[in-house]
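Trainee: Make a model of this:
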Amino acid sequence: MHIQKPFLAGLLFLVNSLLACDSTEIGDSKDVNQDKIYMDYNLSYTEDDEQVLLSFQYRFAGSAGTTLVLNNNSGVELDGEKLKVDSSESVGAFYETHKHFNTFIGQHQILFTDDNGKPFENSFEFAPFTLTNLPITAEPDKDLIVSFNTIALGTMDFIEINSLDTDSSFRYQQSGPASSITIPASELMRQKGKTLTLEPVLFRTIPLSQTTSEGGSFKLFYKLKPVKIKLHS
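Mentor: Residues are numbered from 1 along each chain as shown. Alright, predicted model coming up:
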C-alpha cells in the first residue's frame, strides 16, 4: 500500500487523546456504571531507548469519554505491580510505567479490577522488531526489498517504511503475513541524493480477551532508528 501523506506517529500514536477529541476531564470510577468503563492501553518503544513506555487509561462510556481515577476496590496491575495514577491537563488521568527493554521481552499480564471486585485479565507478548539482511547499497533501476523479523502480524497490524531527509519522499505499508516491503525502482530513481534514509515503524493492535461491555483497545508503536542505504549512480 503506497501513501504519500505526512507521517504522524510517535507520541501522537501513543496518546490517542491527541489524535481525536478525547475528553481530558477526570472523574472517579466509583461514580460510574462499572460495565461502562472503556480500557485504553498503549505501549511505545523506540530502538536504542532503554525504556519501554506503557500507559493505561480508563474512560467512562467509550474511547473518548471522561478519564477515570480508579478508587475504592478498583485498580490496575502490570505483572503483579500495582500502578499509581497520574494526570495532566492534556491527557487527563492515566496510569503509566516504564520497563527496561532487555528485561521486558516476553509475556506479560495486565489485571484491571473494577469497583465491584471483578477482575479483567489480559495477556500480551512484547517481542523484538528488527530488520534482516538489509543491503548496504541499492541499484536505482531495481526494486529494493526491506525484510523484517517479528512475531506474526494480525489483521489490523502493519509495518511502515518512511523516507527521511529527501525532497522525493515516500511511505509504504505492509500488513498481513508478509515479512518484507518492496520499494519500487521508480521510487528510487526519483531520489536526487546519493543516500536513502529509511525509518521502519511497527503498528500493532493487541487483542483484549477480557473487557467490560464497553470494550477497549491496546495499541503498540515500535519505531526503529533510521537506516541509510547508498544509491549507486
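
Trainee: how does the chain divide into domains?
Mentor: Per automatic domain parsing, the structural domains of the chain span 11-127+204-222, 130-203+226-231.

Trainee: Let's have these in JSON lines, adding mean neighbour count and mean pLDDT.
Mentor: All C-beta atoms are positioned from the backbone trio N, CA, C, and that covers glycine. Shown next, in JSON lines, are the domains of the chain (neighbours: other CB atoms under 10 Å; pLDDT from 0 to 100):
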{"stretch": "domain 11-127+204-222", "mean neighbour count": "17", "mean pLDDT": "92"}
{"stretch": "domain 130-203+226-231", "mean neighbour count": "15", "mean pLDDT": "93"}
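
Trainee: where does residue 155 land in three-state SS?
Mentor: Classification of residue 155 by DSSP: H, G, I helix; E, B strand; the rest coil places it in coil.

Trainee: Can we start the residue count at 24 from this point?
Mentor: All right, first residue 24 from here; so that's residue 178.

Trainee: Report the spatially nearest residue to residue 133, omitting neighbours in sequence.
Mentor: Leaving aside its chain neighbours, residue 133 sits nearest to residue 145 (4.9 Å; criterion: CB to CB, 6 or more residues apart in numbering).

Trainee: pretty sure the one you found contacts residue 233?
Mentor: Yes. The criterion here is CB atoms under 8 Å, and residue 145 meets it with residue 233 at 5.8 Å.

Trainee: Nearest residue to residue 229 in space, please, no chain neighbours.
Mentor: Nearest non-adjacent residue to residue 229 (CB to CB, 6+ apart): residue 241, at 4.0 Å.

Trainee: Please identify the helix or strand for residue 210.
Mentor: Using DSSP states H and E, residue 210 sits within helix 208-212.

Trainee: Beyond that helix, next helix or strand please.
Mentor: Past helix 208-212, the next helix or strand by DSSP H and E is strand 218-228.

Trainee: Parallel or antiparallel, list what pairs with that next one.
Mentor: Strand pairing for strand 218-228, using DSSP bridges, gives strand 181-187 (antiparallel), strand 239-246 (antiparallel), strand 250-254 (antiparallel).

Trainee: Now tabulate these in a markdown table and tack on distance to residue 66.
Mentor: Shown next, in a markdown table, are the strands paired with strand 218-228 (distance: least, CB to CB, whole Å):
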| stretch | distance to residue 66 |
| --- | --- |
| strand 181-187 | 16 |
| strand 239-246 | 5 |
| strand 250-254 | 23 |
